[in-house]
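Give me a 3D structure for the following:
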Amino acid sequence: MELEVPETADESAVLAQASPPAEVTFARIGIAILNLPAVEPAGTNQHHSLPDPETVYARVVDRLNADSRVSEVRAPSASSNKFRSLAFSAMRTTTSSLSAEPAPPHQHVHALSFRDPIAFSVNVPRRLQASADAAHTVPTEKYWAAWDGVVLFIGWTSTAPSPFGSAAGLSVLEVLRDAIREAGYSLRSQPCGPSCNYPFAHQDLLVDSASTHSEVRLEELDRWTTRIKTPIAGDRLSLASNLVSEFSYLGNVFAHLRSNGQVVRQSERAARKDLGDLLRLQYERAAITAMDPLRSIPERWRKRSNSSATARLIAGLWLRLASLDQNKRNWDADRYRYDQSGTEGDARLLFRSEFPDEVNGIETLDIDSLQASLVQMSAQADSRSLAWATAVGALAGGVLGAALGAVFGAISGQG
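Numbering: from 1, shown residues only. Got it, this is the predicted structure:
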C-alpha cells in the first residue's frame, strides 16, 4: 500500500519565522500502541489473562538492543518502572450478520503503557529509508526517539532543503515494530485519519530547547507547523523522554478517542450494510406475494430460508446498534476529557489537524434514522410472525376439532 504523503508548509518560510538556534530539532509524534495477546489459562474456564508487564517490557528492550540499526537504548529497569494495562475498543471485520457475527458492545484489545519511556537512537542509511526517486523525502540518517507504549516521539536534525521530509521517522517506526514482533507482541499505529494511512500526526514540529523556557509550551507557526518550547533536558534522549512524559496523558486520551470513533464508524457502516440486506429480503418477499399463488410455490420454496435470515439480520442489527451506542458514549466521554485537557498553547496543538476531522466524522453520522428503520422492520417482522402463528393455530384448531368430532361421532354410532 502506497503511503499517502501529507501536505506540508513552505519549510523555508517556517524556519525564517521560527528564528531557530544554530541547530534545529525537527520532530514528529504519533500513536503507536503495544498490543498484548490475551492468554486463557490452560485447563480452566477463567477469564483470559495477560502477560506479565515486566516480562513484556524487558523483552522489547532486549530486542531493541539486539537491532543493529539501534545505536543506543536508554530504558529504566523493569523492576523500577510502573506499568498500566489499557483496553482499546475494537471490532471484527465483518461484511454482514448473514455471514458473520457482529461485534459485541464491549469487545476490546489489550495494551500496555509504562510511566518511564524507552528512549533509543536509530541510524538508517538514506538509501534504505526510501527509493531513489523519493530520496528527497528523507532528511537524515540519524534519529532519536522515546516511546511509552502509546505515544511515540521522534526527533532529528537536518541541513537538507526539506528538513521535515514526508518519510522522516518511518524507519524508527519500522525498527520499533520489528522489535515488538520479535518479542512476541504486536504494534498498532493509528493513522492520522479514516481516509489516510500516514502513521504520524500531520503537524511538523520544531523543538526549541532553551534555559529561558521554564515549562513546555506549544505555539502555532502555520497550519501545518507547531513549535515546542521546552527547558533544556541534558541530551537528546532525555529531551525525547521528557516530551513523551509531557504529552502522555493527551496522547492516551486521543488514542482512546480514535479507537472508539473507529468502532462507531465501523458499526454504522456494518449496520447500514445489514439494513440494505434486510430491505432486499423484504423486497423479495413482496415480489413473491404479488405473484400468482400457484406460480409462486416454487419461488416460496426456494426462498424458504428468508424468514430465518431476516430474524438473524434483525438480531444482528440490534447488537450492532448496542455496540455503536456504547462506543459513542465512550467517545463522548473521551472528547470531554480531551477538551478539558488544557488551554491555549497546550499539547492539543499536536493533533489540531486530526481532531476536527475526527469530531466531524462522528457527529455527522445519522444514528437515529438507523434505529427508527430497525424499529419499524422489527415491528413488521413481529406482525408477520403473529399472523403466521394465528393462522397455524387456527388451522391446527380446525384439524383437531374435526378429528375430535369424528372420534366422538364414531363413539356415538357404536352406542
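
for the chain, which spans come out with low pLDDT?
1-23, 38-48, 91-106, 132-133, 287-288, 294, 296-306, 343-345, 380-415 (pLDDT under 70).

please redo it, this time with the cut-off set to 50
Scanning the chain for pLDDT under 50 picks out 1-5, 16, 18-22, 40-45, 95, 99-100, 385-401, 403-404, 407-408, 411.

now the helices for it?
11-18, 53-66, 126-129, 170-182, 236-289, 296-302, 306-339, 355-363, 367-414 (DSSP state H).

CSV please, covering those helices and showing distance to Thr140 and mean neighbour count.
(Glycine included, C-beta is placed from N, CA and C.) Compiled in CSV, the helices of the chain are given as follows (distance: least, CB to CB, whole Å; neighbours: other CB atoms under 10 Å):
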stretch, distance to Thr140, mean neighbour count
helix 11-18, 14, 15
helix 53-66, 20, 18
helix 126-129, 8, 16
helix 170-182, 10, 20
helix 236-289, 12, 20
helix 296-302, 66, 12
helix 306-339, 32, 18
helix 355-363, 29, 15
helix 367-414, 46, 11
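
From the chain's centroid, how far away is stretch 334-353?
19 Å (CA atoms, centre = their mean, to the nearest Å).

Next up, the contacts around Pro199.
Gly30, Ala32, Leu170, Leu173, Ser189, Gln190, Pro191, Cys192 (CB atoms under 8 Å, 6 or more residues apart in numbering).

Could you do Glu220 as well?
Thr226, Leu349, Arg352.

Is there a quick PyMOL command that grabs whichever of the contacts of Pro199 are buried?
Only the buried entries of the contacts of Pro199 go into this PyMOL selection, using 16 or more other CB atoms under 10 Å:
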select buried, resi 30+32+170+173+189+190+191+192
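
Got the domain ranges for this structure?
Domain assignment for the chain by automatic domain parsing gives 24-39+48-247, 263-414.

tell me the centre residue of this structure?
Ser259 (3.5 Å; CA atoms, centre = their mean).

residues touching Asp332, list them.
Here Asp332 is in contact with no residue (CB under 8 Å, 6+ apart).

Could you report the distance from it to Ile362?
9 Å (CB to CB, to the nearest Å).

Run a quick neighbour tally on the residue nearest to Gly342 when sequence neighbours are not counted.
Once flanking residues are discounted, Gly342 sits nearest to Arg348: 5.7 Å by CB to CB, 6 or more residues apart in numbering. Neighbours of Arg348 under the rule other CB atoms under 10 Å: 18.

who's in contact with Arg348?
Leu250, Tyr338, Ser341, Gly342, Phe355.

Also Lys142?
Ser121, Val122, Asn123, Trp156, Thr157.

and it, how far is that from Glu215?
Distance from Lys142 to Glu215, by CB to CB: 28 Å.

ok, now Gly169?
Counting by CB to CB, the gap from Gly169 to Glu215 is 25 Å.

show me what contacts the nearest residue to Asn330 once chain neighbours are set aside?
Nearest in space to Asn330, with sequence neighbours left out and distances taken as CB to CB, 6+ apart, is Asn260 at 4.5 Å. Shown in contact with Asn260 (CB under 8 Å, 6+ apart): Ser89, Asn327, Lys328, Asn330, Trp331, Asp334.

could you dump those residues to a markdown table with distance to Arg269?
Supplementary listing: these in a markdown table, determined by distance: CB to CB, whole Å:
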| residue | distance to Arg269 |
| --- | --- |
| Ser89 | 15 |
| Asn327 | 13 |
| Lys328 | 14 |
| Asn330 | 18 |
| Trp331 | 16 |
| Asp334 | 21 |
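
which one of these is nearest Asp222?
Asp334 (28.1 Å; CB to CB).

quick one: contacts for the closest residue to Phe83 other than its chain neighbours?
Leaving aside its chain neighbours, Phe83 sits nearest to Pro53 (3.8 Å; criterion: CB to CB, 6+ apart). Pro53 sits next to Phe83, Ser85, Leu112, Phe114 when contact means CB under 8 Å, 6+ apart.

and if we set it to 10 Å?
Leu34, Leu36, Ala78, Asn81, Lys82, Phe83, Arg84, Ser85, Leu112, Ser113, Phe114, Gly149 (CB atoms under 10 Å, 6 or more residues apart in numbering).

Most neighbours among the residues you listed, which one is it?
Counting by other CB under 10 Å, top hit in those: Gly149 with 28 neighbours.

Quick check: that residue touching Phe114?
Yes - counting by CB atoms under 10 Å, Phe114 is a contact partner of Gly149 at 5.4 Å.

if I look at those two, which residues touch both of them?
Leu34, Pro53, Val56, Tyr57, Val60, Phe83, Arg84, Ser248.

and those residues as CSV, adding distance to Asp277?
Output for these, formatted as CSV (distance: CB to CB, whole Å):
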residue, distance to Asp277
Leu34, 38
Pro53, 43
Val56, 42
Tyr57, 46
Val60, 44
Phe83, 44
Arg84, 41
Ser248, 43
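
for the residues you listed, which one is nearest Gln282?
Nearest to Gln282 among those, with distances taken as CB to CB, is Leu34, at 46.2 Å.

I'd assumed Ile180 was in contact with that closest one.
Yes - if you go by CB under 10 Å, Leu34 and Ile180 touch, sitting 6.4 Å apart.

Which residues are in contact with each of these two?
Taking CB under 10 Å, 6+ apart as the criterion, Leu34 and Ile180 both touch Val56, Val60, Trp147, Ser186, Leu187, Arg188.

I'm done for today, thanks for sticking with me.
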